[in-house]
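In: When you get a sec, could you give me coordinates for this:
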Amino acid sequence: MVAMIAGVIAAHPLISAMMAQSAVYWVGEGDLRVSNSAIFLGSAGADTVLPFVVPVRNCGCKPLTIEKLRTDCGCLAVGEDLPVKLQPGVGKKLRFRLHVTENMRGHITKKISVSTDETDAAPVNVDVSVLVVPEFKLVAIPATIDLGVVTRELPDPKTVTIVSPFPEELLVSSVSTTDHRVMVKDISPGPKPYTRQLSVELSAELEPGPHRSLVTVQTNTGKVTIPVVGIKAGLLLTQPRSIVFGPPSGRKGTSARVFLSSADGSSFRIVRADTNGSCVSVTSDLPSPSRSVHELQVTLAHGADWRSQAGKQVVLIETDSLGTALLTCHYPALLETAAVDSAPPSRLRDTLDTIGVRLQ
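Out: Have a look, this model is predicted:
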């Protein structure tokens, strides 16, 4: 019986509408009330128009008229023709549009005020908020600063461009590094107001060898952390710095040429060149004549002891006056591998190519 009564009530359209209206908690002190005094529109990007409605209802016993709809910002537009007349118990969805402009940041809240012809009733206020999310975060181009081989006489600073997602002028408030010997200077305006350019170089105090550190740039629109890599050269320069051998050809193996030079152009002799294994050998006239640049031939031998797995071997080159230099040789395993098609360029590469930035 109870189920039958409930079914009859639910099937009657007028009773169902009255039950649905009574299920909503209407907010307000006068006869005009709203379903929610705070409306969150979610997240949106800049230059976006968000349509929305504010449900209202005449909760009094006599007709009333909505005469005024006020907003505290020109970005909030009213989509209703006034006046709006409401009979007792009747509701209405008032239409509005919020234009998210380029200068909006983060969580934005705007206000709507609804006034009626009730002489003693205060306006009904509604807060409308949105989370403004930029299309991308603060970025650095290039994303990693590769200083290459750096000598004392040729610091070779690199320039990095910081790009803000917002149109206003980008201002740098602070720059910090994980190594004080990484020098950041010449902070200058970039090609656009929302960009800044920084010059980064390694200090002469840095000891020879590979270097890795981080540079963090704090701006008025956020911060970005940039990895810095490079090699601080000592008195000797090796070109290339390392060798990656392919599979050996024939019984003679595979060879590569290596040039050893002094950083300041002075002459020196190579006394000896030793390796820590039997796979790689070095050929040169030892002891060599005194000169500023020496050429060596490094050969990956054709042997069975290294076929099963890849590996590396270190060559130690000793000179008469400039100390020693290290050369790392990598060699592959002699295993058959299937050809792998190169991956298509990523969407990021395509995007950067359109703005004239070439990824290395």
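In: domain assignment for the chain?
Out: 25-132, 139-232, 236-331 (automatic domain parsing).
In: Name the residues that touch whatever helix or strand residue 328 lives in?
Out: Assigned by DSSP states H and E, residue 328 belongs to strand 324-331. Strand 324-331 is contacted by residues 234, 236, 238, 241-245, 258, 260, 279-280, 298, 300, 306, 310-319 when judged by Cβ atoms under 8 Å, 6 or more residues apart in numbering. To be clear about C-beta, it is placed using only N, CA and C from the backbone, and glycine gets the same treatment.
In: switch the cut-off to 6 Å
Out: For strand 324-331, the external contacting residues (Cβ atoms under 6 Å, 6 or more residues apart in numbering) are 236, 238, 242-245, 260, 280, 300, 312-318.
In: close enough to count as contact, residue 203 and residue 181?
Out: Yes - distance between residue 203 and residue 181: 4.0 Å, which falls inside the contact criterion (Cβ atoms under 6 Å).
In: re the thing from before, flag every buried residue along the strand holding residue 328.
Out: 325, 327, 329, 331 (16 or more other Cβ atoms under 10 Å).
In: is the second one in a bridge, and if so with what?
Out: Looking back up the chat, that one is residue 327. Applying DSSP bridges to residue 327 gives these bridge partners: residue 315.
In: where does it land on pLDDT?
Out: On the pLDDT scale, residue 327 is placed at 84.
In: Next one: it from residue 245, what distance?
Out: Going from residue 327 to residue 245 by Cβ to Cβ, to the nearest Å gives 12 Å.
In: What distance do you get for residue 268 to residue 319?
Out: Residue 268 sits at a distance of 5 Å from residue 319 (criterion: Cβ to Cβ).
In: again with residue 173
Out: Using Cβ to Cβ, one obtains 48 Å as the distance from residue 173 to residue 319.
In: Which one's more surrounded, the two?
Out: The neighbour count for residue 173 versus residue 319, taken as other Cβ atoms under 10 Å, is higher for residue 319 (20 against 9).
In: so who does that one touch?
Out: Contacts for residue 319 (Cβ under 6 Å, 6+ apart) come out as 268, 270.
In: Spell out, range by range, the strands that occur in the stretch 151-300 of the chain.
Out: Under the criterion DSSP state E, counting those that start in this stretch, the stretch 151-300 of the chain contains strands at 158-163, 172-177, 182-189, 195-202, 209-219, 222-232, 236-239, 242-244, 254-262, 270-275, 280-283, 293-300.
In: Return the distance of the shortest one from the chain's centre.
Out: Think strand 242-244. Distance of strand 242-244 from the chain centroid (Cα atoms, centre = their mean, to the nearest Å) equals 32 Å.
In: Now do that strand, average pLDDT.
Out: Mean predicted lDDT for strand 242-244 stands at 86.
In: now what about that strand, what contacts it?
Out: Strand 242-244 has contacts (Cβ under 6 Å, 6+ apart) with 256, 328-330.
In: And for the second one?
Out: With contact meaning Cβ under 6 Å, 6+ apart, strand 172-177 is reached by 184, 187, 196, 213, 215-219.
In: Looking at the residues you listed, which is nearest residue 264?
Out: Distance to residue 264, by Cβ to Cβ, is smallest for residue 213 among these, at 25.9 Å.
In: On the strand side of things, show who residue 177 bridges to.
Out: The partner list for residue 177 in beta bridges (DSSP bridges) reads residue 215.
In: Could you report the neighbour count for it?
Out: Burial measure for residue 177: 16 neighbouring residues, criterion other Cβ under 10 Å.
In: Flag the shaky bits of the stretch 201-350 of the chain, pLDDT-wise.
Out: Counting by pLDDT under 70, the stretch 201-350 of the chain has low-confidence residues at 204-206, 208-209, 233-234, 247-252, 285-287, 302-310, 333-350.
In: now with 90?
Out: Within the stretch 201-350 of the chain, the ranges that satisfy pLDDT under 90 run 201-212, 220-222, 229-258, 260-350.
In: and which of the contacts of strand 172-177 is nearest to residue 92?
Out: Nearest to residue 92 among the contacts of strand 172-177, counting by Cβ to Cβ, is residue 219 at 46.5 Å.
In: Quickly list what residue 239 is bridged to.
Out: residue 259.
In: That one touches residue 259, doesn't it?
Out: Yes - the pair residue 239 / residue 259 is scored as a contact, 4.8 Å apart, by Cβ under 6 Å.
In: what is in contact with these two at once?
Out: With Cβ under 6 Å, 6+ apart, residue 239 and residue 259 have no common neighbours.
In: Now residue 124. Nearest residue, chain neighbours left out?
Out: Leaving out its chain neighbours, the residue that sits closest to residue 124 by Cβ to Cβ, 6 or more residues apart in numbering is residue 114, at 4.4 Å.
In: Got the phi and psi for the one you found?
Out: Note on residue 114: backbone dihedrals following degrees, to the nearest 10 are phi -110, psi 120.
In: Next, count neighbours for residue 260.
Out: Residues near residue 260, counting by other Cβ under 10 Å: 23.
In: Apologies, that question was intended for residue 317.
Out: That count, for residue 317 with other Cβ under 10 Å as the rule, works out to 22.
In: for residue 98, same thing?
Out: Using other Cβ under 10 Å, residue 98 is surrounded by 24 other residues.
In: phi, psi of it?
Out: phi -110, psi 120.
In: ok, what's across the strand from it?
Out: residue 50, residue 76.
In: I figured it was touching residue 48, is that so?
Out: No - taking contacts as Cβ under 6 Å, residue 98 lies outside contact range of residue 48: 8.6 Å.
In: so residue 85 sits right up against residue 64, yeah?
Out: No - with contacts counted by Cβ under 6 Å, residue 85 stays clear of residue 64, the gap being 7.8 Å.
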